[in-house]
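In: Here is the input, now give the coordinates:
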Amino acid sequence: MSGDDLDFARELARASAVASLATLDPDGGPPHASLVTVALDGDLSPILLLSRLARHRRNLAENPAAALLMTGEGRRDAGQADSPSDPLAADRVTVRGTVALSDDPAHRARFLARHPEAAGYADFGDFDFFRMTVSAVHLVGGFGRISTFDGADWPPGLAEADPLRAAEAEIVAHMNDDHADAVAAYATGLLGRRAGPWRMTGIDPWGIDLRNGGEVARLAFDAAVLTPEDARRALVALVRRARAGSPPS
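Out: Residues are numbered from 1 along each chain as shown. Below you'll find the model as predicted:
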């Protein structure tokens, strides 16, 4: 296991908005796989919004063990091919653990920021938010790059970044309300994405999450950002680079 592989696995997860969820049918039945949308808590614990009508939700009520396969679909940068010709050469990360109900308002807010379309049904009586406690992580970075990590190593730490985490919602709202042109420039100028009403959905010490309709994108910082002032400087530098036509270093 290397620190580089662990950081790479974390970025794959951060760049993922959808995942394949594997649960176990009751009474020794076979595994069941389904497609879900996912957001991540600050410690990279996956957050899910699940309906009682779904089979995976019923399975979790009997056995909370589950796995999420994420492919980092938001990582494509300018000049990068959409996908390798062989799907098995693509990067992916599997996060395993146990899933439990969550009534934490912060989990709800983080999920709906990542998936604003879910606001239309999140309050339906049969939907609830869940959080996975991660026990193990398995990275496949294409052929020949395979690493497994203990869940205790998954959270990225950096307690000194608490000021940024506390200000995340304010920073995201400010960028979307007052600097929508800069947000769009990040996606089009630095990541080579199509033009559109891009919005920022999250910021963390390692980068920003962007969304345009059903398309998501992840833009990494050159160095860790720990405070709101650090974030302001990094965001200003990125928009200058975007408008100058210079990709990230």
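
In: domain assignment for this protein?
Out: Annotated domains of the chain cover 3-153, 159-243 [automatic domain parsing].

In: Could you dump the ones you listed into CSV with mean pLDDT added?
Out: Compiled in CSV, these are given as follows (pLDDT from 0 to 100):
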stretch, mean pLDDT
domain 3-153, 91
domain 159-243, 94
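
In: Reformat these into JSON lines and put mean neighbour count next to each item.
Out: Quick note: C-beta positions are derived from backbone N, CA and C, even for glycine. As requested, those are exported to JSON lines (neighbours: other C-beta atoms under 10 Å):
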{"stretch": "domain 3-153", "mean neighbour count": "16"}
{"stretch": "domain 159-243", "mean neighbour count": "17"}
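
In: Report the strands that pair with the host helix or strand of residue 95, each with its relative direction.
Out: Per DSSP states H and E: residue 95 is located in strand 91-102. Paired neighbours of strand 91-102 in the sheet (DSSP bridges): strand 65-70 (antiparallel), strand 127-141 (antiparallel).

In: Let me have the ones you listed in JSON lines, adding distance to residue 97 as columns.
Out: Formatted as JSON lines, these follow (distance: least, C-beta to C-beta, whole Å):
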{"stretch": "strand 65-70", "distance to residue 97": "7"}
{"stretch": "strand 127-141", "distance to residue 97": "4"}
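
In: residues touching residue 52, list them.
Out: Contacts were defined as C-beta atoms under 8 Å, 6 or more residues apart in numbering; by that measure residue 52 touches 58, 126-128.

In: of all those residues, which two lie farthest apart?
Out: Largest separation among the contacts of residue 52 by C-beta to C-beta: 58 and 127, giving 14.0 Å.

In: SS state for the residue lying farthest from the centre of the chain?
Out: Distance from the C-alpha centroid of the chain, by C-alpha atoms, centre = their mean, peaks at residue 27 (32.7 Å). With DSSP: H, G, I helix; E, B strand; the rest coil as the basis, residue 27 sits in coil.

In: excluding its backbone neighbours, what's nearest residue 42?
Out: Distances taken as C-beta to C-beta, 6 or more residues apart in numbering put residue 165 closest to residue 42, at 5.4 Å, once the chain neighbours are dropped.
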